[in-house]
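Chemist: I need the structure of the sequence given here:
(one chain, ligands or ions: 1)
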Amino acid sequence: MTVTETWTVGRLLTWTTEYLQKNGSQSARLDAEVLLSHALECQRIELYTTFDTEPSDEGKTAFREMVRRRAEGTPVAYLVGYKEFYAETFEVNPDVLIPRPETEHLVVEALDRAKELVATRQQAEASSDEQLNICDVGTGSGIIAITLATQFSECNVLAIDKSAAALELAELNATKIELPHEQIQFLQSDLLSECQPGQKFDLIVSNPPYISEAEYRELNKSVREFEPELALVSGPDGNELLVELMQQAVNFLAPDGFLMVEASPMLFDRLSDWQPPGLVCEKITKDLAGLGRVGTFRLA
Ligand SMILES: C[S@@+](CC[C@H](N)C(=O)[O-])C[C@H]1O[C@@H](n2cnc3c(N)ncnc32)[C@H](O)[C@@H]1O
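Modeler: Model (predicted):
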């Protein structure tokens, strides 16, 4: 007589971890836990309190389907439909880049600058209580624009993207997080080209596409085949959109404003070779690996 082993939560996790590892996942155990808790509609921690129980057939079927797609390379965030960033959970889909932890450095720097700007202006004109105007170029799922607006209420944010589908998701995320409509606006535009002439921003922030065509060809399959090329590739050198944004920003920055961009450490290493005139680099902030990740620029 053969005894069929029960597919308990514990056994499902062990089997799936091994299977995803063999299929190239570098975070197989975490993937298995996130997918199983999503399929069973529970918190990850609950998997450990139900370790020896067998999930429903419905839960196991939903899990099996997601594991199959994960093994083919689909990122976990697209399978479950969300990703955590800073203090919120954002909806994501294949129209937008999956938020990366490095981008939190840009948000932290931008929040510091925003507070500094307000304090300096208040000192200068005792009664200044105007909202700061911030523009997020290439907003994608809206993580930067929405996080700045939720963490710093004294600002209005214009969130720009070239992709209508990305803007639709960013708007949905802003609605879910219940941001007041007047605090965040959305604009479909090629960088700043659709902004009103004469419009001035105190901060222009951006995590633009900064990968070169050659780097793109070398990317991990799960990024290259699943995330939007428009969100990743800039052109032959990787800095094309950054250069264009810096040139445009000169006309849209307030006199004491800042342009803050995320880019690759390689691009910051050779910044003096490609930085267009009109702006001065004030600071390069390093990421947790000690590599240049966020550049802060002001008008020359
Ligand atoms: C690297 S993703 C960043 C998305 C999001 N801000 C984040 O940090 O996760 C770059 C975004 O820029 C948008 N984009 C690409 N080219 C653009 C352009 N010329 N003008 C405006 N947005 C652009 C893409 O659609 C994408 O949403």
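
Chemist: Spell out which residues make up each domain of the chain.
Modeler: Listed domain ranges for the chain are 9-72, 103-299 (source: automatic domain parsing).

Chemist: most neighbours per residue, which of the ones you listed?
Modeler: Each of the domains of the chain was given a mean neighbour count from mean count of other C-beta atoms under 10 Å, and the largest, a mean of 18, is that of domain 103-299. Every C-beta, even on glycine, is put in place using the N, C-alpha and C of the backbone.

Chemist: Let me have the domains of the chain in CSV, extended by mean pLDDT and distance to Y78.
Modeler: Shown next, in CSV, are the domains of the chain (pLDDT from 0 to 100; distance: least, C-beta to C-beta, whole Å):
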stretch, mean pLDDT, distance to Y78
domain 9-72, 96, 9
domain 103-299, 95, 6
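
Chemist: So for the ligand, which of those sits nearest?
Modeler: Checking the domains of the chain against the ligand by C-beta to the nearest ligand atom gives domain 103-299 as the closest, at 2.5 Å.

Chemist: In this protein, which helix is the longest?
Modeler: Taking DSSP state H as the assignment, the helix of the chain that covers the most residues is helix 103-124.

Chemist: quick one: the helix or strand containing I144 to helix 103-124, angle?
Modeler: If you go by DSSP states H and E, I144 is part of helix 143-151. Angular relation of helix 143-151 and helix 103-124 on a 0 to 180 degree scale: 40 degrees, by axes from the mean of the first three to the mean of the last three C-alpha atoms, to 10 degrees.

Chemist: Could you tell me how far helix 143-151 lies from the centre of the chain?
Modeler: Taking C-alpha atoms, centre = their mean, to the nearest Å, one finds the center of helix 143-151 at 11 Å from the center of the full chain.

Chemist: Is the ligand within reach of it?
Modeler: Yes - Helix 143-151 comes into contact with the ligand when judged by C-beta under 6 Å from any ligand atom, the residues involved being I143, I144.

Chemist: Please save the CA atoms from whatever helix or strand comes next after that helix in PDB.
Modeler: Moving toward the C-terminus from helix 143-151, the first helix or strand encountered (DSSP H and E) is strand 155-161. As requested, the backbone C-alpha atoms of strand 155-161 are provided in PDB (Å, rounded to 0.1, in the frame of the first residue of the first chain):
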ATOM      1  CA  CYS A 155       3.500  70.300  -1.100                       C
ATOM      2  CA  ASN A 156       1.600  69.900  -4.300                       C
ATOM      3  CA  VAL A 157       2.900  67.300  -6.700                       C
ATOM      4  CA  LEU A 158       2.700  67.000 -10.500                       C
ATOM      5  CA  ALA A 159       3.300  63.400 -11.500                       C
ATOM      6  CA  ILE A 160       4.400  63.000 -15.200                       C
ATOM      7  CA  ASP A 161       4.800  59.900 -17.400                       C
END
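
Chemist: Walk me through which strands strand 155-161 pairs with, and which way each runs.
Modeler: Strand 155-161 sits in its sheet next to strand 132-137 (parallel), strand 184-188 (parallel), going by DSSP bridges.

Chemist: and whichever helix or strand comes after that strand with the ligand, contact?
Modeler: The C-terminal neighbour of strand 155-161 among helices and strands, as given by DSSP H and E, is helix 164-176. Yes - Helix 164-176 is in contact with the ligand by C-beta under 6 Å from any ligand atom, via A166.

Chemist: Spatially, which residue comes closest to T103, not counting chain neighbours?
Modeler: What sits nearest to T103 in space, not counting adjacent residues and going by C-beta to C-beta, 6 or more residues apart in numbering, is N207, at 5.3 Å.

Chemist: for that neighbour, what are its contacts?
Modeler: Applying C-beta atoms under 8 Å, 6 or more residues apart in numbering to N207 gives the contacts T103, L106, G138, G140, I144, V261, E262.

Chemist: No further questions, thank you.
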